[in-house]
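Chemist: any chance you could fold what I've pasted below:
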Amino acid sequence: MKHFFIRYKRLLIWLLPVVGIFIFAFVYYQQHIAATRIALINYPSFTVARMQKANDSRWVKLQSVAISDLSSVSGYDVALVFGRGLHLTALQSEQMRKAGRKGLRIFEEAAADPQGDLTNLSDSQRTLVTAYMRNGGNANYRNLLHYARISLDGKKYAALPAASPVNIASDVLFHVNEEIYFSEVAAYESWLQSNHLFKMDAPRIALVTSVPGPFNANRDHLDSIITVFQRRGWNVYPMAGNKRRLEFLQAIHPDIVVEMPHGRLAPGNSPAVVAWLNQQNIPVLSPISVFMNYDQWKANPQGMNGGLLTMSIVSPELDGAVAPYAIVAQYKDENGYDIFRAIPERLDRFTDLISRWLSLKNKPNRDKKIAIYYFKGPGLSSLVAGNLEVAPSLYNTLLHLQQKGYTVENLPKDAAALNQLIQKSGSILNPYAAGNLQKFFKEGSPAWINVSTYEKWAKSDLEAASWKSVLEKYGQAPGSYMQETRGDTAFLAVARLSFGNVVLLPQPLPAIGENTFKIVHGAKVAPPHPYIASYLWTRHVFQPDAIIHFGTHGSLEFTPGKQVALGNEDWSDALIGTIPHFYVYTMSNVGEAIIAKRRSYATILSHLTPPFMHAGGSTEVSRLEEELHRWDALEEGALKTAYANTISQSARKLGYYQEMELDTAITLTTVQLTKLQGLVEEMVNEKVNSGLYTIGKPYTKMQAERTASLMSGADTGRAKYVSLLLASTDRELAALDNALSGGYTLPGAGGDPLANPGALPTGRNLFSIDAEKTPGLQAWQVGVQLAKDLVAQYQSEHKGAWPRKVALTLWPGEFIRTEGAMLAEIFYLLGVAPVRDPQGRITDLGLIPSSELQRPRIDVVVQTAGQFRDLAASRLELINRAVALAAAAADKTQPNYVSDGVQAGEKMLKQKGFTPKEARQMASLRVFGGINGNYGTGIMSMVESGDRYNNRDEVANVYIHNMGAAYNDTSQWALFREGLFEAALQHTDVVVQPRESNTWGPLSLDHVYEFMGGLNNAVRLVTGKEPTAVLNDFRNPVAARVQPLKEAVWVEARSTLLNPVWIKDMQQGESSSAEKMTETVRNIFGWNVMKPTVIDNELWDQLHEVYIRDRYQLNTSTFFEKQNPAALEELTGVMMEAARKGLWKATPVQRQEIARLHATLVSNYGAGCTEFVCGNAALRQEMQHYVPQEIKGAYTSAVNAALQPNGTGQQGAAVVLKKTAQTTEGATIHQQSSSNWRTLLFIVAAVAIVGLVLIRKKK
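Modeler: This next block holds a predicted model:
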């Protein structure tokens, strides 16, 4: 080495200074000359694009840095961090602070947690940078970058001067020129006038912007909106900021407010702005900006979720805003950043919607055209809607419109006449009822659409892919249903009733022609041609000024497509078009009302529930109650024993032994008598509906007082409640008047009046809650207690054993009413607690220590209704995260059933062919729902088609398939793999269903047997045992409780269907009341299929006594025959089908009595052709065996007339569908029966001949 230095001494003497100079130059360059590198962390792409556009120095380089790449941040000179929504791990925070200690200058804007603020600037620097960022806009961003180079990075070379921040008032009006903004409305109007942009007497449109606004993002989208609005001849008032919005609106006095939302309309002053909008009657439309690339949005099944859903849709709804119509999305700019631009065709359509709202304000009522869609079942079924007596409600509405000056002509004389006209000209017919269809075509006066015209409309109004999906599913128009060919021209029929400028239309069948109940994964099933034709006829031929959907609820809002932020390809968006839409909805079903608001742009007009009463009971029940009170008061002795014997006899007769699952031979013990007393008192005091509600018909004073006495807080608020109940009917009609005049509908909470008196008065536009803050603090307490009660109840019935897994159903109504109490229960069962941020949002979870739980972690599996999924998508991901967190817990003192469940799931998935990696990744998924984003299970039609399956297992398999999509984050959204749901259902011990409303129970609402019963049946199939089934009963506002399903079933049956008091009140109604009674019996059949242990033979026997033998002498048959004979046809059909399938051990005499009544009704009134009357060939044959000979011919002829054109037995080609291959087989009953006998005799004879031949050969 020494020789090396000697040898190269001269060279080294020369080289070392050069290297030194080079190092010095490099360091100097880096410190004083090199480009200033600025890292932009957590900023939206559109903000980065705005800064990039403002950057005029090639010596300042901007780079967006992902949160996952913070290890690279030390290579930058300056870091600008957006604090809102920022969630850093401890390691990431330390990486930032370490870089800061090494010289990185950091500024955090809008830090969510001041304690964790990363900013390391001096106070003066922080103040200046804050001013640049807060004011925004090109000038401020440009000068911020200049300042960052000069002052933060300390480089003077090539530095451009940094001017002081341009102070832009927080609230301004602006226009397409960025340099122009105004702090006062008068100054803005003066500028418009001087530039010839102001038009006298033209509509005034207040355009309220937020994020993305004119100063914090690119302006392309806003400039487009302003320009398009101006082309319509409107005076446009674009405003930015949020502190002076109400002040600006008051000065503008707009005709309509268009809010581009990101939160409330007037934060901190919301009650005042809602009151002002209501006083001035100014509607608010809230088109939305999609915070994702246009192509990604088109493909995204959710459309929007999480915090953006809260800010863009949930919050505006609280202010009464409607129509969350997507008009802005992100597109790549020249630098590859996502910036906001208007979606041209959707902006044009939304502008059409505004124009139609303005027209409602200005057009005289006599010239307005209104289309009203109602809902009814197929055949001669009644019109149906939740809590509503529909026909008289429709009639009263038509009368009211007539009185308000609308052109309503040729109105029938009364509601009954309207109902008859609807059955003739506005009915929905099953595709297999060819005879009824032929009669309708001949006598119903439908509107006929030439197929070429229909195709022209469809190709114009529908996306090409949507139209293609229709053709692939149903074939070329007109398809095979509701069509007729005349010569060489095919036509589609649209059922409708015209009354001048008002037309009534039944909502057509949303799907036809299925030959399997399993839903094809990946298939977004399009509506059939007749469904589409109805809406296109309404829009193109009738051309209404407004569309009303009348009653809870229809199918439009549940057609395929995104959950929210819909596009042209989503069916409800395509079919409703740009016509103002109003939905008359029961106040008690806010969860589904919200779906209608968001997916069909409806303004909700809430109406009352039926009045309420204590159930009371029959004479026998009242006597039993008195005897129990007397027994309870007696001292021990012979008299008390005698009472116990008498009570036991009465309880045996009334079916209480079956309810308590006791041997009918015993005399009740003291413990059992005490339990019986509780059951009887609960039934007698059950809060039930007194009939149905009719719009336009106020409660009577007695009904209002009786209802008010049962409402929460009635001790102090009873008089106020009575007043609100009595005033609501007029408020509902006034709300309809105002809506049809383009006015503002006051927002309001929902729920039945007993549970939520604050939902009164009605006539309100219902809103939801912020899912990101659920479960709420109080909901957490409720959920924890429910979990404890559930576990304790299970242990008491299972000798102290812990439940290993609990299956829970999440519904939207319960979620909104309880602020997520079921979520809290799920988390607590898992042993996980929510972690709240400073704003109260729950975005993280923490383990509850095993020592605190003092029990095992209990596994869960969750099924979500589609409506809950749409309202709270982020909570589904949170549940899956909670499962994974609990499964990983290293508990040493207690079993971890969650970990066991995940391991068992992984094992089963491997057995089913999943790769080890797939099995490991999917084993902890616990939230499941409808495949393809469907809203329902798709099994109700199967359950009620009793000839289409042989046993419960077939139904369970279809349920597991149809509800087998896993829901997690966007990467695992609606993920479907055969076997995945089954793996999650293993080891389930308990099934839980929420119940939050007094308007329905497990029998009266079909969705309960659909979801809870379906889940129960699926668990049984997978585990091989019947799970325990309970309801989370939230109806009592003081304390929620866990109620056994069987107890709830019997309480509802006794308090309604078997209760003469309830029946009498229902008989005061009309056709919908009769239909409601039949629907409840139909749901009992559904439960009998799904969980036979909760429907005792005794219940069917009592139904037979009440509705066939008229036990209470209420003339039930007379009521049905007068109001709705088809409903009694179906009721008797349901009972016979229960007997045919062995669900009810009916005696031959009972079957004969049912068959006689059924056949007499069909003979006298025609076949109603519901599934239990015409659609089930095996049931019709069963009925034939018991129909008396003297009416058999008339019965057969009536059924054949309904099923076959001209009663000929020839199946019409126009209505052949896949389903009818089974259901119409044997339609000609007599001939089919004879054919069966001939076949049987032939087989017997053949067997005899073969036998004789064999005997001879043997001899």
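Chemist: residues near Gly479, how many?
Modeler: Gly479: 24 surrounding residues under other Cβ atoms under 10 Å. To be clear about C-beta, it is placed using only N, CA and C from the backbone, and glycine gets the same treatment.
Chemist: spit out the contact partners of it.
Modeler: Gly479 is in contact with 492, 528-530, counting by Cβ atoms under 8 Å, 6 or more residues apart in numbering.
Chemist: neighbour-wise, which of those leads?
Modeler: Result: His529 is most packed of the contacts of Gly479 (other Cβ under 10 Å), 29 neighbours.
Chemist: make a markdown table out of the contacts of Gly479 and add secondary structure, pLDDT and distance to His146.
Modeler: As requested, the contacts of Gly479 are arranged in a markdown table below (DSSP: H, G, I helix; E, B strand; the rest coil; pLDDT from 0 to 100; distance: Cβ to Cβ, whole Å):
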| residue | secondary structure | pLDDT | distance to His146 |
| --- | --- | --- | --- |
| Leu492 | strand | 97 | 67 |
| Pro528 | coil | 95 | 63 |
| His529 | helix | 96 | 64 |
| Pro530 | helix | 96 | 66 |
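Chemist: which of those residues sits closest to Arg718?
Modeler: Pro530 (50.1 Å; Cβ to Cβ).
Chemist: low pLDDT regions in the stretch 351-500 of the chain?
Modeler: Applying pLDDT under 70 to the stretch 351-500 of the chain flags no residue at all.
Chemist: quick one, strands of it?
Modeler: For the stretch 351-500 of the chain, the strands defined by DSSP state E, counting those that start in this stretch cover 370-374, 447-450, 483-486, 489-494, 497-499.
Chemist: any idea how many residues pack against Phe22?
Modeler: Phe22 has 10 nearby residues by other Cβ under 10 Å.
Chemist: hang on, the earlier thing: which one of the strands of the stretch 351-500 of the chain lies nearest to Tyr432?
Modeler: strand 483-486 (15.1 Å).
Chemist: dump the strands of the stretch 351-500 of the chain to TSV, plus distance to Leu885.
Modeler: Converted to TSV, these look like this (distance: least, Cβ to Cβ, whole Å):
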stretch	distance to Leu885
strand 370-374	47
strand 447-450	57
strand 483-486	56
strand 489-494	54
strand 497-499	58
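Chemist: so which of the ones you listed is the most packed in?
Modeler: Among the strands of the stretch 351-500 of the chain, ranked by average contacts under mean count of other Cβ atoms under 10 Å, first place goes to strand 370-374 (a mean of 24).
Chemist: can you lay out the contacts of Gly479 as JSON lines showing distance to Val791?
Modeler: JSON lines is the format used below for these (distance: Cβ to Cβ, whole Å):
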{"residue": "Leu492", "distance to Val791": "57"}
{"residue": "Pro528", "distance to Val791": "48"}
{"residue": "His529", "distance to Val791": "53"}
{"residue": "Pro530", "distance to Val791": "51"}
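Chemist: low-confidence ranges, this structure, go.
Modeler: Residues of the chain meeting the criterion pLDDT under 70: 1-2, 4-7, 12, 513-524, 1207-1259.
Chemist: could you list the domains of it?
Modeler: The chain resolves into domains spanning 34-152, 172-361, 363-579, 620-683, 798-1055, 1056-1222, 1230-1259 when parsed by automatic domain parsing.
Chemist: quick one on the thing from earlier: nearest to Val1042, of the strands of the stretch 351-500 of the chain?
Modeler: With Cβ to Cβ as the criterion, Val1042 lies closest to strand 370-374 of the strands of the stretch 351-500 of the chain, at 38.6 Å.
Chemist: tell me which other helices or strands the closest one touches.
Modeler: Applying 3 or more Cβ pairs under 8 Å, 6 or more residues apart in numbering; DSSP states H and E, one finds that strand 370-374 contacts helix 390-403, strand 502-506, strand 546-550.
Chemist: in its sheet, what does the second one sit against?
Modeler: On the basis of DSSP bridges, the sheet neighbours of strand 502-506 come out as strand 370-374 (parallel), strand 497-499 (antiparallel).
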